[in-house]
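*Asks:* Prediction below, plus the sequence it came from.
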Protein chains: 4
Amino acid sequence: MARGFGKKIRQKNTENSGFGSNASGRFINKDGLPNVKRTGVNVFNRLSWYHTMLNLSTFRFLSYLVICYILVNLVFALIYYLIGVQHLTGIDKSDPFNEFIDVFFFSSQTFTTVGYGRIAPVGFMASLVATFEAFLGLLTFAIATGLFYGRFSRPRAYLRFSDIAVIAPFKDVTALMFRLAPYKNNALTDADVILSAAIEVIEDGVPKSNFYRLETQLGKINTLALNWTVVHKIDENSPFYGFSEDDFRTTDIELIVQIRAFDEVFSNTVVQRSSYVTGEIIYGARFVPMYYPNKENLSTILDLDKINEYEKQELPVLTGNKE
Amino acid sequence: MARGFGKKIRQKNTENSGFGSNASGRFINKDGLPNVKRTGVNVFNRLSWYHTMLNLSTFRFLSYLVICYILVNLVFALIYYLIGVQHLTGIDKSDPFNEFIDVFFFSSQTFTTVGYGRIAPVGFMASLVATFEAFLGLLTFAIATGLFYGRFSRPRAYLRFSDIAVIAPFKDVTALMFRLAPYKNNALTDADVILSAAIEVIEDGVPKSNFYRLETQLGKINTLALNWTVVHKIDENSPFYGFSEDDFRTTDIELIVQIRAFDEVFSNTVVQRSSYVTGEIIYGARFVPMYYPNKENLSTILDLDKINEYEKQELPVLTGNKE
Amino acid sequence: MARGFGKKIRQKNTENSGFGSNASGRFINKDGLPNVKRTGVNVFNRLSWYHTMLNLSTFRFLSYLVICYILVNLVFALIYYLIGVQHLTGIDKSDPFNEFIDVFFFSSQTFTTVGYGRIAPVGFMASLVATFEAFLGLLTFAIATGLFYGRFSRPRAYLRFSDIAVIAPFKDVTALMFRLAPYKNNALTDADVILSAAIEVIEDGVPKSNFYRLETQLGKINTLALNWTVVHKIDENSPFYGFSEDDFRTTDIELIVQIRAFDEVFSNTVVQRSSYVTGEIIYGARFVPMYYPNKENLSTILDLDKINEYEKQELPVLTGNKE
Amino acid sequence: MARGFGKKIRQKNTENSGFGSNASGRFINKDGLPNVKRTGVNVFNRLSWYHTMLNLSTFRFLSYLVICYILVNLVFALIYYLIGVQHLTGIDKSDPFNEFIDVFFFSSQTFTTVGYGRIAPVGFMASLVATFEAFLGLLTFAIATGLFYGRFSRPRAYLRFSDIAVIAPFKDVTALMFRLAPYKNNALTDADVILSAAIEVIEDGVPKSNFYRLETQLGKINTLALNWTVVHKIDENSPFYGFSEDDFRTTDIELIVQIRAFDEVFSNTVVQRSSYVTGEIIYGARFVPMYYPNKENLSTILDLDKINEYEKQELPVLTGNKE
C-alpha cells in the first residue's frame, strides 16, 4: 500500500517533526490528534480522566453523569436496607419492594441534599451513612461543576478545514492549496499557519518517511473572520517541485497543518490541527469563492457550505513546470 | 456611497488583513468584532452558546436564567399534576388551581433542593420524577456557576477609545491621532498597538479595498495607566501622504486598531479592537490634555470625560506637505 | 519638595513609559499599582467589581459575604412578615418579635436551601417569594464559588522586594542594587527584569520627569528559587553616571521595577512591580548574603528576614568614578 | 562526598542559573522543584495554601476534606449541646450520648443543607447558629468546588523522563542522551528543551559549582507524541569535552532539564523539569527503541515500560575523543 517517491527531492528534510522516520500509518489523524497508541503503564496512569471527560460528546458526558447518579443511589439504598428500614421514619413497609423503593428515594433525597424529611434517618448507623452520603453528594456536584466549566470554557479554535487540498494554478506556477474558516461566533485574530509534509521516499531500497517544512504565501493574518486559503507555491524550494499528477496519486504524502490564533473572548491562544493524505489531494482544481457582499453591500456573507466546492482546472503535466 | 481614492498610493499594500479586497461594508465594527455573517451550517453548529452567554448583558443573562427557572418548574409541575396530586403529601386540594400552585411550588422546592417537606412525594412515579428533578437542579446550578465565573473572570482590556481620530500637526509634519484610556481599576502593562488602514482605491475603474500597515510613533508602552495617544506620522511612508482635507472626506477609509496589553490581575494578555471610518476622522484638530496633577501634586488625575475633547487647528492644505 | 537634577544626563530618555513628563507624584506605588486616579465616568463604570473583590483582603472579603447574607435575610424576612406570618407553618406567634425571629430564620433556611420544613410556606405569595429566594440563594452561592476560585487561583508572583536599594561597589565601578526573593512555595522559572528610572531634570528652568531604561547585569535567570540581586552598573551608559552622594539625596528619582516569571503550578506568566524613590536609595552600602547551606550541606536555606540587611561600604565620591 | 573536577573547562559558565555558585546539595530535585528551604517569615506567609492543596495526592486531599467535615460537625454539635437540646425538636433524649449523637447529625444535616427537618432548631440561639452553619457549609463547598477544579484543571505536561542519562556514541563523536515521553492522553505540540549542567570545579583549591548551558541537537519538535531523545553532542563546545569515564563517576555533575510544550486541550503552555546527578549518568550505553509499528502497520505503538532500557556500548576512553 505504501509507495515511496523514487525521484530525488533536493530539499533538506527536517528532523524536528517529533515522529521518527520509521513510524507507520498516518501521523496525524483528521481530527488533529497524533496516531499513536501507548502501552506499558497501566491504563489509569495512562489516561488523564479530566482530558477524557473534556473530550466526551455532550450526550455521553450527560449519560455518564446519570448512570453514576443511579448507581450511587442503588449502592446507598442497599446499605440503608441492610442497616434496616426501621431506622428510617416514614417508610412504606407494605412489602419489601416498596421498602426498597422508599429507601432508594431516601438515598437520592440525601445525595442531592433535597432532604424533604418525609423519610429521615433515626439512630446511629442510618444517620452516619446519611451524613456521609450528603457530604459525598456535595463533593460530587462540586466535581460536576468543575467538569461543566472545564468543558464549556475550554478554548477551541472552532475551525472547519476543507476536506480536500487542491493543486491549482497560482500566478505563473502551480500551488498546493486548502482552506479553512471559523464556523462559530468566536473572534480570532493573529492567526498563523505551520505546514509540513511527510513524504515517503525510497532510500537504498527501503521506504522511509521524510518530513519537509512547506513555505506558505501568507504565514500570518490579522483577522480570521472570513475563510483563509493557505497557499504553498510549488517552486524550486518546494519538495513537490516536478511532481506529476501520477506522483501525487502514487506517493505516500501527508500534509500536516497547524493553525494557531488568538481568541479574543477567552484571551487565549488556540491551536487546531488537521492533515491531508494522498487520496485527499486533488490535482488540477481550484476552489470557488465562499464569501460575497450582502444585498445592501454593507456586510460580508461567509457561506460555510461552500468550503469544499472546487472546479476542475487544466494544469501543466509537471507541477512547478520543471524544465 | 463607496468612493475610492483615485490618486496613486505608493506604499505597498499588505495582504494579510484576513479580509478579501472585495469584501464589503465596514470590516471591523466599532465594538471590535468583524462585520461578517455566516451561513451554511445550521445555527446550533454556528453558535458557541458559551461565547453567546458570555457576551450577553448582565440584565439579559439574569432574565434568561429566571425565565428558564420558571419554565422548568412549569414543565415539572405539569408532570407531577399528570401523575396525580394524591402522590404528593400536604397538597391543598381545595380546587384544581390551588393544586397546581402547590405542585408548582413543590417542583421549585425540589429543583432548588430546598425540600421543606411540607409537600413530599409518595409512591414510585412522583418520587422518581422528584429524584430526577433534584439531580437536574444541581446540574443546572453547576452550569450556572460556571457561566457566572466565565462571565466575570473573562479577561477584558476595559479600554475606552476616543470616538474620533484627528489629523493634527506633529513636529514638522502632520499626523493621524486617536487616543484611548483604561477606565476601570485593572492594571495594564506592556501595551502595544497594531494599526492598519483599509483604503478604497480605483484600479482599472473598479473600486477595491487595499490594506496598509500604518507605523506609529510609539509601538509599545510600559504602563497603560494614563491615556495613550496613538500617533501615525503622515510622511512619505504613510499611505495618506499627500491627502487633502477633501480626500479624507470623500475616500472610503477604515482605520483598524488593535491594542494588546498584559493584565496584572488576571495575569493574562488582553486584546481590544476598534475602528474609525471616514466620517470619524476630523481634519485639522488636536486633542486637549486629559490628565493633570492633583491639588497636592502627589498624584495624577485622569479625566475620562475629556477623551473626545479637541480644538480646531489650522493645517496645510495637503497632509505631509507633499511637494 | 521636588528637586530636579541640574547637571546634564547624556543618555537618551525613553518616551514609552506610559507616563507623561508632567505627571506628578510617585508614578508607581510601592505595591506596584500606578499612582493615578480616574474621574469622569460614574463609579460603577469605573470599577470592575470583580477586580475589586479579588483585591480585597480575606478578612474584608468574608465580612462582606456575611453582611450581605444578613442583609438579604432581613429584606426577605420583612417581605414574609408583610405577607403575613399566617402563610408560614410552625411560626412561634407568642409575640411580634418572636414572629420576626422565626420569619428571619425561615428566610435563611430558604436562602441556604437547608429547608428543615419546621417552618414552611403555605399559600401563593409566601411560596412564590420562597421560590424566588431559594433561586437567588443558589445563584448567590454560584457567584461566591466563582469569587472564591477567582481569588485563590489568581496567579501571583509572591515576591518580596528589599525595602531599599543600595549604591554599592561592583567590580571596578559602582552599581545600583536591590534584591527580591520568592517567599511562598510556588515555583518560578525564566524570570526577567525590566528596570527604568524617572529622574526629575530642570529643562529651561522647568522641572520635568525624564524616563530612562536602566541596563541590568543579568536580564534573565532560569530558576527563581533563591534571592535575586538585580545589579545596574553605573558606567557611561547609565543616567546616574557621575552622580554624587548628594545628587542621590537631592534629586527626585524613582526606580520602577517589573519582574516577570513563569509559575509552574499555574502554568502562567506572573508579573510583579515595585518602585524605589529618593529616600529609599542608600549610598555606600552592600547587601549581606541571605542564603547558606544547611547543616548536612545537602540543601540551601534562604533566610527571608535578611532581605533588608546591609552593611556600610566606602565609595568614591562620584558614582561611576567620573573624574 | 563532593568531588570537584580538577581539569580546566574551557567553556564560559553562565551566571543566570538563579543558583549561587556556593549553594549546596542537589539544585533541582528529581521532581523538578528547587532544593531550597525558606526561613524567616512565619509559616502561614511562607505557604500558599492553594499551591499546597493542589500538590497534595488525591488520597490525602480527600482525607483532609473528610477530617475537616467531621471536626466542623463536632464543634457545631458541641455548641448546640451547650445551647441546650431542648432548642432542637425531635431529639432522642433517652441518654446524654444519644442526645449528642442526634445533635451531631443535626449539625451535619445543616452543614450539608440536607435539612430533613426531623430535627430542627427552635428558639433564637439554636436557629442563629444553624443559620450560620448552613452559610458556612455553602461557602465551604464553594471553596471545595474551586479546589477540585483547580486540582484537575491544572495544566501539567505528564511527561515521564528516563531515570538515567547515557553517554553514547553519536555520529563520529559521543553524546549525552536521556529521553522522555508523554504518558497520558494529552496532546503536546511545539516542545522545546533547555538543558544546563552544574559542574563542581576546584578553583584555587576551593570547590565551587559552575553552570553551563548545554546545546542540544534538536532544540524544538513539532509534535510530542512519541518519545523524545534529547541529545547533547560532546564536542569542543561542550563542558564535558575530554571527560573520561572516571571523570563522569567522580565529578559532582547535575544536569538540569526543562521541557516546555503547548497542551492543545488546555490551550496552555506547560513546563516540566527534572535533573540527573552523577550516579544517574551511565557511561557507554545506548537506549533501545521504545516505539514500533502496530501489526497492521497503520499506527505506531509507544511502549512506556521501555523508557529506561539500554544496552552496553563500547566508547573511546575520553568523550569527544580529545586529541
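*Replies:* The structure has been received and is ready for your questions.
*Asks:* ok and the residue in the stretch 1-150 of chain A nearest chain C?
*Replies:* The stretch 1-150 of chain A approaches chain C most closely through residue A:117 (5.1 Å), counting by Cβ to the nearest Cβ. Quick note: C-beta positions are derived from backbone N, CA and C, even for glycine.
*Asks:* Low-confidence ranges, the stretch 201-323 of chain A, go.
*Replies:* Residues of the stretch 201-323 of chain A that meet the criterion pLDDT under 70 lie in A:319-323.
*Asks:* residues from it in reach of chain B?
*Replies:* By the criterion of Cβ under 8 Å from any Cβ of the partner chain, the positions of the stretch 201-323 of chain A lying close to chain B are A:218, A:220-226, A:228, A:262, A:264-268, A:291, A:293-294, A:297-307.
*Asks:* which residues does the nearest residue to residue A:88 once chain neighbours are set aside contact?
*Replies:* Across the structure, with Cβ to Cβ, 6 or more residues apart in numbering or on different chains as the measure, the residue nearest residue A:88 apart from its sequence neighbours is residue A:119 (5.4 Å). Shown here is residue A:119, whose contacts under the criterion Cβ atoms under 8 Å, 6 or more residues apart in numbering or on different chains are A:88, A:89, A:90, A:91, A:102, A:105, A:106, A:109.
*Asks:* swap in residue A:65?
*Replies:* Neighbour list for residue A:65: A:144, B:139 [criterion: Cβ under 8 Å, 6+ apart].
*Asks:* pLDDT score for it?
*Replies:* Confidence per residue is given as pLDDT, and for residue A:65 that number is 95.
*Asks:* swap in residue A:22?
*Replies:* The pLDDT attached to residue A:22 in the predicted structure is 60.
*Asks:* hang on, the earlier thing: which phi and psi does the residue nearest to residue A:88 have?
*Replies:* Reported as degrees, to the nearest 10, the phi and psi values for residue A:119 are phi -110, psi 130.
*Asks:* Widest-spaced pair of the contacts of residue A:119?
*Replies:* Farthest-apart pair in the contacts of residue A:119 is A:89 and A:105; separation 13.5 Å (Cβ to Cβ).
*Asks:* Looking at these two, which is more packed in?
*Replies:* Ranked by neighbour count (other Cβ atoms under 10 Å in any protein chain shown), residue A:89 and residue A:105 place residue A:105 first, with 25 against 17.
*Asks:* Next, work out how far apart that one and chain D are.
*Replies:* With the distance defined as Cβ to the nearest Cβ, to the nearest Å, residue A:105 ends up 13 Å from chain D.
*Asks:* ok, that residue touching residue B:121?
*Replies:* Yes. Using Cβ atoms under 8 Å as the test, residue A:105 is close enough to residue B:121 to be in contact (7.2 Å).
*Asks:* Just the buried positions in the longest helix along chain A, please.
*Replies:* With residue count as the measure and DSSP state H as the assignment, chain A has helix A:124-153 as its longest helix. Using 16 or more other Cβ atoms under 10 Å in any protein chain shown as the test for burial, helix A:124-153 gives A:124, A:126-153.
*Asks:* how would you label the residue in chain A sticking out farthest from the centre: helix, strand or coil?
*Replies:* When each C-alpha in chain A is compared with the mean C-alpha position (Cα atoms, centre = their mean), residue A:94 comes out farthest, at 53.7 Å. Of the three states, residue A:94 takes coil according to DSSP: H, G, I helix; E, B strand; the rest coil.
*Asks:* likewise residue A:63?
*Replies:* Residue A:63 falls in the helix class when you classify it by three-state DSSP.
*Asks:* Quick one: neighbours of it, just the number.
*Replies:* If you count neighbours by other Cβ under 10 Å, residue A:63 ends up with 12.
*Asks:* and it, how far is that from residue A:69?
*Replies:* Going from residue A:63 to residue A:69 by Cβ to Cβ, to the nearest Å gives 11 Å.
*Asks:* try residue A:166
*Replies:* Here the criterion is Cβ to Cβ. By it, residue A:166 lies 50 Å from residue A:69.
*Asks:* Same question for residue A:37.
*Replies:* 33 Å.
*Asks:* Between the two, which is the more surrounded one?
*Replies:* residue A:69 (22 against 13).
*Asks:* ok, now which ones touch the more buried one?
*Replies:* A:108, A:111, B:135.
*Asks:* Distance from stretch A:105-115 to the middle of the chain?
*Replies:* Between the centre of stretch A:105-115 and the centre of its chain there are 38 Å (Cα atoms, centre = their mean, to the nearest Å).
*Asks:* Next: stretch A:119-126.
*Replies:* The gap between where stretch A:119-126 is centred and where its chain is centred comes out at 49 Å by Cα atoms, centre = their mean.
*Asks:* so for that stretch, what's the average pLDDT?
*Replies:* For stretch A:119-126, the mean pLDDT works out to 92.
*Asks:* Which helix or strand contains residue A:68?
*Replies:* Residue A:68 is part of helix A:58-83, with elements assigned from DSSP states H and E.
*Asks:* can you check residue A:104 too?
*Replies:* Applying DSSP H and E as the criterion places residue A:104 in helix A:96-111.
*Asks:* Show the average pLDDT along that helix.
*Replies:* The predicted confidence, averaged over helix A:96-111, sits at 93.
*Asks:* does chain C sit close to it?
*Replies:* No. On the criterion Cβ under 8 Å from any Cβ, helix A:96-111 is out of touch with chain C, staying 11.4 Å away.
*Asks:* May I have the predicted confidence score for the nearest residue to residue A:47 once chain neighbours are set aside?
*Replies:* Excluding the flanking residues, the one nearest residue A:47 by Cβ to Cβ, 6+ apart is residue D:185, at 5.6 Å. What the model reports as pLDDT for residue D:185 is 79.
*Asks:* Compute the number of surrounding residues for residue D:185.
*Replies:* A count of nearby residues for residue D:185, using other Cβ under 10 Å, gives 16.
*Asks:* same check, this time on residue A:163
*Replies:* Using other Cβ under 10 Å, residue A:163 has 12 other residues around it.
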